[in-house]
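# structure, please.
(chains A and B)
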Amino acid sequence: MNIHLILQMAADSMPDREAVICGSQRLTYQDLGDAVNSLADKLEDTKKLAYLAETGTAAPVAMFAAALRGIPYVPINYRLAEDQITSLLKRVSPALLISDDAPEVEGITKIAPAQVFERTTSWDGFAPDEEGSIAIELFTSGTTGDPKSAILRHDNLMAYILGTIEFMSAEESQSTLVSVPPYHIAGISAILSSVYAGRRMVQLPNFSPEAWLKLAKQENVSQAFLVPTMLQRIIEYTASNNETLDLPAMQAIAYGGGKMPHSVIEQAMTLMPHVNFTNAYGLTETSSTICLLDPDDHRDAFQSEDPAVRARLSSVGRPLPSVEMEIRDDDNAPCGAGDAGYVFVRGEQVSGEYHGSGSLLDENGWFPTRDRGYLDDAGYLFLDGRADDVIVRGGENISPGEIEDVLIEMSDIKDVAAVAVADDEWGEAVGVVIVPADMTTPPEIEAIKSHVKNQLRSSRVPTKVTFMEELPYNETGKLLRRVLRDVFST
Amino acid sequence: MVQIKAGTKLFSAVCDTQIMVLRVPADDLDVTCGGLPMQTEEAAEKSSMSGDAGEGSLVGKRYVDEAETMEFLCTRGGEGNISVNGVALEIKQAKRLPSSD
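Got it, this is the predicted structure:
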C-alpha cells in the first residue's frame, strides 16, 4: 500500500477543506493534490527526492509527490554544519534536492521550495504499489555516532496510520500546530496523521515560545505536538512575562521525543486544566508512536493518592493495540513486572532497518529499541535511558536515570545528567553534571554525594561532579550525552 | 472471480465504491458491490445495481466479515453494499486513540 493513498482519499473526500497553512500560504486538500501531481511530473528519471529546508508547505507536497512516483523521500537536517550536510548529500546522490541553500554535490540537482508550486504540466499516472518499496529515508540524529539512514517502507507507515487514526475523524474547525522539524519522524507522522484525519496543519518553521503562542491564538489551534523542552519554554515564557497560558481553543497537546520532567507536565496540567495531554513514545525505526499515555491516564495519575498510579505520570504509557512489547534481560530472557531490561517491539509499523547495516529484526520479527525500561504490573512502560548510556561499574549496570531522578529532587539543582567516567579501579564510575538553580551558589559536592548515598547506595555515588550553566540538548530536546562524556575525558 | 491479496484495489461495477484489500484468507472469495462482482479496474460505464443496495459503502471505514478473517479499507464511498460470498460485510469498530502527532 502506497502512502499517497492518504492524500488521494483526503483530496477526493474533502477537496475544499484547508489542509495546510504556513505564513500567508493556505492550501486545501485539492490544492495539495494538484501541487503533488505537478511536482510528480518533474520527477521523471529521478531516483530520490531530498528536502533540505525548514518546515513549509513544500514538505508535504514533496513527500506525497515522491510516493506518487514510487521514489524515496529524504528530508535532511538543515541545521547541520555544511560539511555534515555535504557528507549526507553524497550518500543520497543521485537525487533532486528541494533547497534554497545547499552545497554543490555531484549528482544533486537543486530546485527552490518556491519552485515546487510552479504549475506546469500535471502527472496523471497512478501511485505504484510494489510490495516492500521504500517511502522515506530518515537520518537518525546521531547522538551516539555517525547518522544512520533508517528505511521506512510504505507498508510500515500505512500500518501505523491505519492502526491509529480514523479517516476524516477531525472536525473541520480543528487544526494542529506543527513545530517539529520536517526531517524528524514526528514531522513525518504529523503530515500523514493530519491529512488522514482531515485536520488542518498550521506550520511553525522556527519555534520560539512567543511565536508558538501567537500562532496558536491567531489560528485558534486545537491540537499541538511538542517536545518536552518546547513545553517547558512555553511555561517559563508565560511565567516570566506575567502572562497566563490563555488558549481556550486548545483541546489536546501531545508530547514526546525526549524525557518529560515530572514538574513540567504537572505545571502544564495545572495551568491548562481543559487540555487533554498525551505522551507518545516512539522511534524513527518504529514509524513514530508505539506507546501512549492517554489523557485519562494523565488525570488518573495526577489525582491519585496511590504512589504507583501517581508515578505513571513519568511513564510513557501502554503499547498501541497494534504493537507488541517485551522487556528482556542481558541473557535475552523476558523480565517480570518491575524488572528493568531492554525494550523490544514487534508490529507491522516497525521497520528496524538501515541502509548498510540491514534489518535489526530477529527471526521472530522483534526489534531491539536499545532503550532500557520496565513495565509496571498494569503494563505501563517506564523508560530508563538508552542501552548505550548505561554506566558499567565493576560489572554492575547503573542507569543514569536513577541517579538523575534522585538529584533533581534537590532544591538547589535545576538540571542534571549522569554519565560514565573512566575509573582505574572499577573500569567505569559515575560522573554527574549539575546545573545549579543559582550558579553563584552551587550545592556542596559533599551534599550531592551524601544525598545519592542516602537515597540509593554507595556504588551510585558520583566520583566526579562538575557544574555547567546548561546541559547540551539538540533542537528536539535530546540530551547529547557524548558531549558530557567528552567534558570528563578531557 | 479474481485472485486477490493484501494491497489489491477493487472497483465497483455499479457505483463509485473502491476498496483496498488489507487482509484475506487464502480461499477464493466472491467480492461483490451492489450485487455484482468487483473488478480490478474501473469500468468505463457502470451497470445497474442488482438487488437491494443496502446502506452503501463509506470512505475511510474498514469492512470485515463477522469472524474478522478478512478486512478491506473503503478508499472511495458509493451506493452499493460490499459483500463477500453473498454475506454483507460490517464496519469494523476500532478503539479510538488520542492524537499523538
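# switch to C-alpha atoms for all contacts and neighbour counts from now on
Will do.
# now the strands for the stretch 51-200 of chain A?
In the stretch 51-200 of chain A, strands defined by DSSP state E, counting those that start in this stretch lie at A:73-75, A:95-98, A:108-111, A:134-139, A:149-153, A:175-178, A:200-203, listed in chain order.
# I'd like these laid out as a markdown table, including mean neighbour count.
Putting those into a markdown table (neighbours: other C-alpha atoms under 10 Å in any protein chain shown) gives the following:
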| stretch | mean neighbour count |
| --- | --- |
| strand A:73-75 | 27 |
| strand A:95-98 | 26 |
| strand A:108-111 | 18 |
| strand A:134-139 | 24 |
| strand A:149-153 | 25 |
| strand A:175-178 | 26 |
| strand A:200-203 | 26 |
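# so who does A:S304 touch?
Contacts here follow C-alpha atoms under 8 Å, 6 or more residues apart in numbering or on different chains; on that basis A:S304 touches A:R310.
# could you report the pLDDT at it?
Among the per-residue scores, A:S304 holds a pLDDT of 95.
# tell me the spacing between it and A:R312.
A:S304 sits 10 Å away from A:R312, taking C-alpha to C-alpha, to the nearest Å as the criterion.
# repeat for A:R17
38 Å.
# ditto for B:V59
Separation of B:V59 from A:R312 (C-alpha to C-alpha): 38 Å.
# so who does residue 48 touch?
As the question left the chain open, I've gone with chain A. Applying C-alpha under 8 Å, 6+ apart, one finds that A:K48 lies in contact with A:66, A:71-74, A:92-96.
# you looked at the wrong chain, it should be chain B
Residues counted as contacts of B:S48 (C-alpha under 8 Å, 6+ apart) are B:V14.
# let me know how buried residue 76 is, in neighbour terms.
You didn't pick a chain, so chain A it is. Neighbouring residues of A:I76 were enumerated by other C-alpha atoms under 10 Å in any protein chain shown; the total is 25.
# oops, chain B please
B:R76: 21 neighbours (other C-alpha under 10 Å).
# which residues are contacting stretch A:15-30?
Stretch A:15-30 is touched from outside by A:7, A:10-12, A:14, A:31-32, A:56-57, A:172, A:195, A:198-204, with contacts defined as C-alpha under 8 Å, 6+ apart.
# show me which of these are buried.
With neighbours counted using 16 or more other C-alpha atoms under 10 Å in any protein chain shown, these contain these buried positions: A:7, A:10-12, A:14, A:31-32, A:56-57, A:195, A:198-204.
# quick one, strands of chain B?
Using DSSP state E, the strands of chain B run over residues B:9-11, B:18-23, B:31-33, B:36-37, B:62-64, B:71-76, B:82-84, B:87-88, B:90-91.
# of those strands, which is nearest chain A?
When the strands of chain B are compared for distance to chain A using C-alpha to the nearest C-alpha, the nearest one is strand B:71-76, at 6.1 Å.
# may I see the buried residues of that closest one?
If you call a residue buried by 16+ other C-alpha under 10 Å, then strand B:71-76 has these buried ones: B:71-76.
# on that earlier part again, near chain B, from the buried ones among the contacts of stretch A:15-30?
Among the buried ones among the contacts of stretch A:15-30, proximity to chain B is found for A:D12 (C-alpha under 8 Å from any C-alpha of the partner chain).
# list just the nearest of the contacts of A:K48 to A:I185.
A:V74 (11.4 Å; C-alpha to C-alpha).
# who is that closest one paired with across the strands?
For A:V74, the beta-bridge assignment (DSSP bridges) gives partners A:A50.
# low-confidence ranges, chain A, go.
Low-confidence segments of chain A, defined by pLDDT under 70, span residues A:141-145.
# near chain A, which residues of chain B? Just list them.
Counting by C-alpha under 8 Å from any C-alpha, the residues of chain B lying close to chain A are B:7, B:59-61, B:75-76, B:96-101.
# now the buried members of the residues you listed.
For these, a neighbour count by 16+ other C-alpha under 10 Å gives the buried set as B:7, B:59-61, B:75-76, B:98-101.
# now do the same contact list for the residue of chain A most remote from its centre.
No residue in chain A has its C-alpha farther from the mean C-alpha position than A:E425, which lies at 38.2 Å (C-alpha atoms, centre = their mean). Contacts of A:E425 were listed using C-alpha under 8 Å, 6+ apart, and none were found.
# spell out which residues of the stretch 251-400 of chain A are next to chain B.
When proximity is defined by C-alpha under 8 Å from any C-alpha, the stretch 251-400 of chain A lies next to chain B at A:254-255, A:278-280, A:289, A:292, A:294-295.
# nearest to A:V345, of those?
A:T289 (11.5 Å).
# quick one: strands adjacent to the strand or helix carrying that closest one?
Taking DSSP states H and E as the definition, A:T289 sits inside strand A:288-293. In its sheet, strand A:288-293 lies beside strand A:276-283 (antiparallel), strand A:318-319 (antiparallel), with partners assigned from DSSP bridges.
# list the buried residues of that strand.
For strand A:288-293, the buried set under the neighbour-count rule, 16+ other C-alpha under 10 Å, comprises A:288-293.
# cool, stretch A:368-377 as well?
Along stretch A:368-377, the positions that meet the burial threshold by neighbour count (16+ other C-alpha under 10 Å) are A:368-369, A:371-376.
# flag every buried residue along stretch A:79-98.
A:85-86, A:88-90, A:92-98.
# do the same with stretch A:349-361
Neighbour-count burial for stretch A:349-361, with 16+ other C-alpha under 10 Å as criterion, is recorded at A:349-354, A:360-361.
# which residue packs closest to A:N206, ignoring adjacent ones?
Of all residues beyond its chain neighbours, the one nearest A:N206 is A:S179 (7.2 Å), with distances taken as C-alpha to C-alpha, 6 or more residues apart in numbering or on different chains.
# A:I191 versus that neighbour, what's the distance?
From A:S179 over to A:I191 (counting by C-alpha to C-alpha), the distance is 12 Å.
# list the residues that contact A:R370.
Contact criterion C-alpha under 8 Å, 6+ apart gives A:342-344, A:386-388 as the residues in contact with A:R370.
# again, only this time at 7 Å
Residues counted as contacts of A:R370 (C-alpha atoms under 7 Å, 6 or more residues apart in numbering or on different chains) are A:342-343, A:386-387.
# is it in a helix, a strand, or coil?
Put simply, A:R370 is strand when judged by DSSP: H, G, I helix; E, B strand; the rest coil.
# residues in contact with A:G385?
For A:G385, the residues meeting the contact criterion (C-alpha under 7 Å, 6+ apart) are A:371-372, A:399, A:401.
# repeat for A:T286
Here A:T286 is in contact with A:349-352 (criterion: C-alpha under 7 Å, 6+ apart).
# measure the one residue in the stretch 351-490 of chain A that gets nearest to chain B to A:P205 for me?
When distances are taken as C-alpha to the nearest C-alpha, the stretch 351-490 of chain A reaches nearest to chain B at A:T476, 14.2 Å away. Taking C-alpha to C-alpha as the criterion, A:T476 is separated from A:P205 by 13 Å.
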